[in-house]
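Participant: take this sequence and fold it.
(chains A and B)
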Number of protein chains: 2
Amino acid sequence: MAKMQIDRNVSIYPMPVVLAGAVVGGKANFLAVGWIARVNYEPPMVAMSLGKSHYTNGGIREHKEFSVNFPGLDLLEKADYCGLVSGREKDKSRLFTLFHGALKHAPMITECPLAFACKLVNIVQLPSNDLVIGEIVDAYAEEACLTNCAPDIAKMAPFTLTMPDNIYWKIGGRAGKAWDAGRACM
Amino acid sequence: MAKMQIDRNVSIYPMPVVLAGAVVGGKANFLAVGWIARVNYEPPMVAMSLGKSHYTNGGIREHKEFSVNFPGLDLLEKADYCGLVSGREKDKSRLFTLFHGALKHAPMITECPLAFACKLVNIVQLPSNDLVIGEIVDAYAEEACLTNCAPDIAKMAPFTLTMPDNIYWKIGGRAGKAWDAGRACM
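Facilitator: As a prediction, the model looks like this:
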């Protein structure tokens, strides 16, 4: 084994790819986000980190609501478009068919196999990013993508991202059972 | 399309799987973590969310340093073991061969194709979790896993996790080029 020191601006391998939705200037807008994770178990919370200059941040601040949508491979081009073009320049409100749960300023994407709506809990100010923390209020999945009432990634067909090579990757086959495979080491 | 409302305790699809390292009670300890994301661009920062009861949290609070290690498929059983067994009960300091960069309390795993060391920036208190934010100080990759001086996920062979089905998944093939595929929608 030979370890090399590399640039400390390291990606997470891999990152999920979601479309964050908000209402900005009276219109639904969507931003492609890879810097996202669950952060609290009960109540369920998520955090996503957005560069401070993004158009979406203002809508989240104003309405204190946002959505998180998981695009499948069939939406890869549209999802990437949402990361290429700012809502300041292009109206993205008609790119998708929208629906809402309890929150009226958290537009969700019908074409996505999984989407959830959040109310804002806090925005942690970091030097170049806004770390947006939200409580998941309600969640919706495409019926055909469920197995045992839970989303099934093999049916959802989401994709992931690596940087700085900027490549989207498919999900592969099963590698093992979590909280189980490690029993071999006991 | 038919959307069903599901349990709001929704996973991210998929989650990365890392081993968070810290020194607790004078010994290196490792915890399997799926709730992790980059959160600041410059300086580079990462955030990971740990249940408040974990043994690792105390070591991070004490020394204000931690590591993040990306296991490949060959380490799946050991990585899962680190999520099954608490450092309170089992000494995990000899599971791996360790190395250090500039931070003496951020033990990194030689067997992992990628690892980085962080100094603690802040711990955001959430209801059931500690959201640990750290600045990436130095990063190391296995030479054989680099392409153009950056980690290559196809060579690293990490794996991902979904819940509540608790399955680890391999990375699949290329799905597209980011900040490029969306030009088709312009």
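
Participant: residues in contact with A:Asn129?
Facilitator: A:Asn129 is in contact with A:35, A:49-52, B:39-41, counting by C-beta atoms under 8 Å, 6 or more residues apart in numbering or on different chains. Just so you know, the C-beta spots here come from the backbone N, C-alpha and C atoms, and that holds for glycine as well.

Participant: verify the contact between A:Ala139 and B:Asp7 for me.
Facilitator: Yes - applying C-beta atoms under 8 Å as the test, A:Ala139 and B:Asp7 come out as touching, 6.9 Å apart.

Participant: just among the contacts of A:Asn129, which is most surrounded?
Facilitator: B:Val39 (27 neighbours; other C-beta atoms under 10 Å in any protein chain shown).

Participant: let me know the helix or strand that it is in.
Facilitator: Using DSSP states H and E, the secondary-structure element containing B:Val39 is strand B:36-40.

Participant: now whichever strand in chain A runs longest - C-alpha only, PDB.
Facilitator: As far as residue count goes, and with DSSP state E defining each element, the longest strand of chain A is strand A:129-142. Included here for strand A:129-142 are C-alpha records, laid out as PDB according to Å, rounded to 0.1, in the frame of the first residue of the first chain:
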ATOM      1  CA  ASN A 129     -22.200  27.900   2.300                       C
ATOM      2  CA  ASP A 130     -25.600  28.000   4.000                       C
ATOM      3  CA  LEU A 131     -26.200  24.700   5.800                       C
ATOM      4  CA  VAL A 132     -29.900  24.400   5.600                       C
ATOM      5  CA  ILE A 133     -31.500  22.000   8.300                       C
ATOM      6  CA  GLY A 134     -35.100  21.000   7.900                       C
ATOM      7  CA  GLU A 135     -37.600  18.700   9.500                       C
ATOM      8  CA  ILE A 136     -39.200  16.200   7.100                       C
ATOM      9  CA  VAL A 137     -42.900  16.800   7.400                       C
ATOM     10  CA  ASP A 138     -44.300  14.400   4.800                       C
ATOM     11  CA  ALA A 139     -42.900  12.000   2.200                       C
ATOM     12  CA  TYR A 140     -44.300  10.500  -1.000                       C
ATOM     13  CA  ALA A 141     -43.100   7.600  -3.200                       C
ATOM     14  CA  GLU A 142     -44.100   6.300  -6.500                       C
END
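
Participant: that strand: partners in the sheet, and parallel or antiparallel?
Facilitator: Next to strand A:129-142 in the sheet, as set by DSSP bridges, lie strand A:45-51 (antiparallel), strand A:114-125 (antiparallel), strand B:3-6 (antiparallel).

Participant: now whatever helix or strand comes next after it: average pLDDT?
Facilitator: The first helix or strand that comes after strand A:129-142 along the chain, using DSSP H and E, is strand A:146-147. Averaged across strand A:146-147, pLDDT comes to 96.

Participant: so is strand A:146-147 next to chain B?
Facilitator: Yes - taking C-beta under 8 Å from any C-beta of the partner chain as the criterion, strand A:146-147 and chain B are in contact, through A:146-147.

Participant: and the residue nearest the centre of chain A?
Facilitator: Centroid check for chain A by C-alpha atoms, centre = their mean gives A:Val18 as the closest residue, at 2.8 Å.

Participant: doesn't A:Leu31 make contact with that one?
Facilitator: No - under the criterion of C-beta under 8 Å, A:Val18 is not in contact with A:Leu31, lying 9.2 Å apart.

Participant: nearest residue to A:Met156 in space, please, no chain neighbours.
Facilitator: Here the nearest residue to A:Met156 in space, its sequence neighbours aside, is A:Pro113; by C-beta to C-beta, 6 or more residues apart in numbering or on different chains that works out to 4.2 Å.

Participant: one step back: now what about the strand holding B:Val39, what contacts it?
Facilitator: For strand B:36-40, the surrounding residues in contact (C-beta under 8 Å, 6+ apart) are A:11-12, A:15, A:34-37, A:47-49, A:126-129, A:131, B:15-16, B:18, B:20, B:44-49, B:68, B:133, B:135.

Participant: avg pLDDT for the longest strand of chain A?
Facilitator: For strand A:129-142, the per-residue pLDDT averages 98.

Participant: cool, and stretch A:178-186?
Facilitator: Here stretch A:178-186 scores 96 as its mean pLDDT.

Participant: A:Ala106 touches A:Asn29, doesn't it?
Facilitator: No - with contacts defined as C-beta under 8 Å, A:Ala106 does not count as touching A:Asn29, sitting 11.9 Å away.

Participant: compare neighbour counts for the two and give me the winner.
Facilitator: A:Ala106 (29 against 26).

Participant: returning to what we had before: got any residues that touch both of A:Ala106 and A:Asn29?
Facilitator: Here A:Ala106 and A:Asn29 have A:21-22 as joint contacts, going by C-beta under 8 Å, 6+ apart.
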